[in-house]
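Colleague: Sharing a model prediction with you, sequence too.
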Amino acid sequence: MADTILEIEDLHVTFDTPRGSLHALSGVELAVRRGESVGLVGETGSGKTVTALSALGLLPPTATVSASRLVVGDLDLTTAAPQEVRALRGRTAAMIFQNPDTSLNPVFTVGQQIADVVRRHRGLKGRAAQQQILAALEEVGLPDVRRVAGSYPHELSGGMKQRVMIAMALSCEPELLVADEPTTALDVTVQAQILELLRDIQHRRDLSILLVTHDLGVVAEVCDRVGVMYAGRVVEIGPTASALGAPHHPYTRGLLAALPRPGSGRRRLRAITGTVPSNPGAVRGCPFAPRCPERFDRCDEEPALDPPSEEHQHACHLPA
Ligand SMILES: Nc1ncnc2c1ncn2[C@@H]1O[C@H](COP(=O)(O)OP(=O)(O)O)[C@@H](O)[C@H]1O
Ligand SMILES: [Mg+2]
């Protein structure tokens, strides 16, 4: 068994839009090893969601995907048939989204929806399915699981619904859980509880997690490694402690400098000036150069992630 559950090399995604083609990802490099949690951070529009959707074969038909490697478990998504990709979801990999309301069906009870998942993916019916549903709801820390199973989504709070989504994802016993901003729609105390739950589950089940978020604090709390995305590329990746504690890329330093710090009073935050390129594929040279306080003449050439054999890599001509 390979020690990586997700391998992405040189991933490009282009969307056909009414205004022409938009190059959303320009050579993403990312791997998730078995049993680890990897965070993916970056400003809105940097390509985090498109990367996550690519890993599960969930991009819309307007997307054109190419990669030198895109492998989940033992399935190569660049050559797999559509039915193999469907079977992958819910067996090897499962996804939870930002807003549980878009994923839960309002006209069925929570129990009926989880029953559907365990029947389709694991062939369980009747009593066996019922037991599995209650166990799944218990595992995500919901109280009074019989009542929750009999409830409709609108009868539950946002935090409970997100727990239900996690229970549903886990009830197929995936090896990889992809979570796209799973706590963004929740209030702060509930966010912390959901993150703690994800961390517990990861350890208990030896699960691999890809956690997409724009919140560096969330990553610092939950992730073993972190990838920083900018303009459709991963521009820095490494163990969380070094990538966020001693960042090499000027963009990562900019993101950290823009974080509010407790006790910093009314001191103004240093936001990164400028905006993300709207069509990152059309950029020549380093995509961050136009906003970079440290740019120099070599930035006309696009830097690759470096050094290739090290855990902490960055795509910038400046030395680490
Ligand atoms: N279905 C789509 N059609 C066209 N463009 C899209 C689509 N989904 C995402 N994009 C574009 O791809 C880029 C990356 O988006 P996304 O991955 O959603 O960013 P993030 O999750 O980091 O905020 C953005 O420019 C976005 O507008
Ligand atoms: Mg997103």
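Modeller: Sure, I can see it. Numbering: from 1, shown residues only. Ligands and ions are numbered 1, 2, ... in the order given.

Colleague: And the contacts of stretch 150-169?
Modeller: Outside stretch 150-169, the residues within contact range by C-beta atoms under 8 Å, 6 or more residues apart in numbering are 94-97, 100-101, 103-111, 113-114, 117, 136-137, 139-142, 148, 177, 182-183, 185-187, 190, 193-194, 197-198, 201. The C-beta positions use only the backbone N, C-alpha and C, and glycine is treated the same way.

Colleague: May I have the distance across it, first residue to last?
Modeller: End-to-end distance for stretch 150-169, by C-alpha to C-alpha, to the nearest Å: 18 Å.

Colleague: now that stretch, how far from the centre of its chain.
Modeller: With C-alpha atoms, centre = their mean, to the nearest Å as the basis, stretch 150-169 stands 20 Å off its chain's centre.

Colleague: Repeat that for stretch 274-294.
Modeller: Taking C-alpha atoms, centre = their mean, one finds stretch 274-294 lying 23 Å from the centre of the chain it belongs to.

Colleague: Can you report how many residues lie near residue 161?
Modeller: 22 (other C-beta atoms under 10 Å).

Colleague: if we can go back for a sec, can you list which of the contacts of stretch 150-169 are found in helices?
Modeller: Those of the contacts of stretch 150-169 mapping onto helices are 100-101, 103, 110-111, 113-114, 117, 136-137, 139, 148, 190, 193-194, 197-198, 201, per DSSP state H.

Colleague: Buried among those? Make that a PyMOL selection.
Modeller: Per 16 or more other C-beta atoms under 10 Å, the buried members of these correspond to this PyMOL selection:
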select buried, resi 100+103+110+111+113+114+117+136+137+139+148+190+194+197+198+201
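
Colleague: What residues does residue 15 make contact with?
Modeller: Counting by C-beta under 8 Å, 6+ apart, residue 15 makes contact with 21, 22, 24, 62, 63, 64.

Colleague: which residues does whichever residue of the chain sits closest to ligand 2 contact?
Modeller: Of all residues in the chain, residue 49 sits closest to ligand 2, at 3.2 Å by C-beta to the ion. For residue 49, the contact set (C-beta under 8 Å, 6+ apart) comprises 180, 212.

Colleague: Let the chain start at 23 from now.
Modeller: Understood, numbering begins at 23; the last thing we discussed is residue 71.

Colleague: where does it fall, helix, sheet strand or coil?
Modeller: helix (DSSP: H, G, I helix; E, B strand; the rest coil).

Colleague: That one and residue 303: what is the separation?
Modeller: 17 Å (C-beta to C-beta, to the nearest Å).

Colleague: ditto for residue 320
Modeller: 21 Å.

Colleague: ok, these two, which is more surrounded?
Modeller: Legend: neighbour count by other C-beta under 10 Å for residue 320 and residue 303, higher for residue 303 (18 against 13).

Colleague: what about residue 173, distance to residue 136?
Modeller: 12 Å.

Colleague: where in the protein is pLDDT low?
Modeller: Counting by pLDDT under 70, the chain shows low-confidence ranges at 23, 283-292.

Colleague: Show the residue spans covered by the strands in it.
Modeller: For the chain, strands defined by DSSP state E occupy the ranges 26-39, 42-55, 59-63, 85-88, 91-94, 97-98, 115-118, 198-202, 230-234, 247-252, 255-261, 335-336.

Colleague: Serialize those strands to CSV and add fields for distance to residue 183.
Modeller: What follows is those, written out as CSV (distance: least, C-beta to C-beta, whole Å):
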stretch, distance to residue 183
strand 26-39, 26
strand 42-55, 26
strand 59-63, 22
strand 85-88, 28
strand 91-94, 26
strand 97-98, 30
strand 115-118, 11
strand 198-202, 14
strand 230-234, 19
strand 247-252, 27
strand 255-261, 31
strand 335-336, 37
